[in-house]
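Participant: starting from these lines, generate the structure:
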Amino acid sequence: MSKNSDRPKNSDRPENGDGPGTGERSGHGARQRNTSKRAATERLREERQRADRSAKIRRRVVVGAASAAVLALAAGVAFAVGGSGGAQASGPLVLPANASGSDGTVITYGKADAPHTLKVYEDFRCPYCQQLETTDGPTVQALADSGTYKIEYHLATFLDKGLGGKGSRTALAAAGAALNEGMDKFKQFHDVLYANQPDEREDGFGDVNHLLDLAGKVPGLRTDAFVKAVQEGTYAPWAAEVSRAFDNSGVTGTPTFELDGKKLDVFTDGAAVTPDQYTALVKQAIG
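Facilitator: A predicted model of the protein is given here:
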């Protein structure tokens, strides 16, 4: 601030002494000081407001990042099983035709007299299951069709709990309706679901109309009985039983492949093995 900043505009008044100019200059200076003080206070208030806004934004970013990390961890899979995902269903327990196992919770594909058994543990919302099925699914099926082994599907719904929604159990109930139409219809519908799997954070499979649209990709599947069963959730209680059987299996993640009790390492460095690598794993396991 310059020395003359407090000087009144009427410059013929003295700069000091007791004359009238002194008191007027002092009053003007006081007013300027008060104005400056108010301006400084206002600046401080604005700075605080900006700081508060910045802090809120930072908190939102941190919370958002943390939520995303938790979501990614939950999705990331399928490797932290925390129960059936609340696969509750009302109504009577109806087992679909072609269900197998002592309690009807297993789906067996392939030749009954195959010398080996491949147990496949999956969740229809699991992205790693989708990666494995789309990469190796045709090879997995081909080996079953050739009689090398039969496949036992053990299906889960725990991602509904981890991610929210009901897509896993609704898709499983629809798969039960497909199984009721025939083993080949189940297998084709199973493959269509993985080929059209939504992002695991979205509950696309929770919409029965969407599932019915996907069922239209399987020739002959959308019978009146199938549509009615999907719309009414006829096999929802069965899906809950299948899910509970998975929870009690001791398997801690999906996808899990076990051939005659031997776990196959179907992922390498976070990626599904190639079809040739999968075939080699099977040959090694069965000797």
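Participant: V94 versus the nearest residue to P138 once chain neighbours are set aside, what's the distance?
Facilitator: Taking C-beta to C-beta, 6 or more residues apart in numbering, and ignoring the residues beside it in sequence, P138 has P275 as its nearest neighbour in space, at 7.4 Å. Quick note: C-beta positions are derived from backbone N, CA and C, even for glycine. Going from P275 to V94 by C-beta to C-beta, to the nearest Å gives 37 Å.
Participant: repeat that for L264.
Facilitator: Distance from L264 to V94, by C-beta to C-beta: 33 Å.
Participant: more neighbours: which of those two?
Facilitator: Taking neighbours as other C-beta atoms under 10 Å, L264 and V94 compare with L264 leading, 18 against 14.
Participant: picking that back up, isn't the residue nearest to P138 right next to D136, touching?
Facilitator: Yes: at 5.6 Å, P275 and D136 qualify as touching, with contact defined as C-beta atoms under 8 Å.
Participant: what touches both of the two?
Facilitator: Here P275 and D136 share no contacting residue, scored by C-beta atoms under 8 Å, 6 or more residues apart in numbering.
Participant: more neighbours, those two?
Facilitator: The neighbour count for P275 versus D136, taken as other C-beta under 10 Å, is higher for D136 (23 against 15).
Participant: doesn't the more buried one belong to a helix?
Facilitator: Yes: membership of D136 in a helix is supported by DSSP: H, G, I helix; E, B strand; the rest coil.
Participant: low-confidence ranges in the stretch 1-150 of the chain?
Facilitator: 1-89 (pLDDT under 70).
Participant: show me what contacts the residue nearest to P138?
Facilitator: Contacts of P275 (C-beta under 8 Å, 6+ apart): 135-136, 138-139.
Participant: want to throw these into CSV with distance to D203?
Facilitator: Written out in CSV, the entries for those read as follows (distance: C-beta to C-beta, whole Å):
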residue, distance to D203
T135, 25
D136, 27
P138, 28
T139, 30
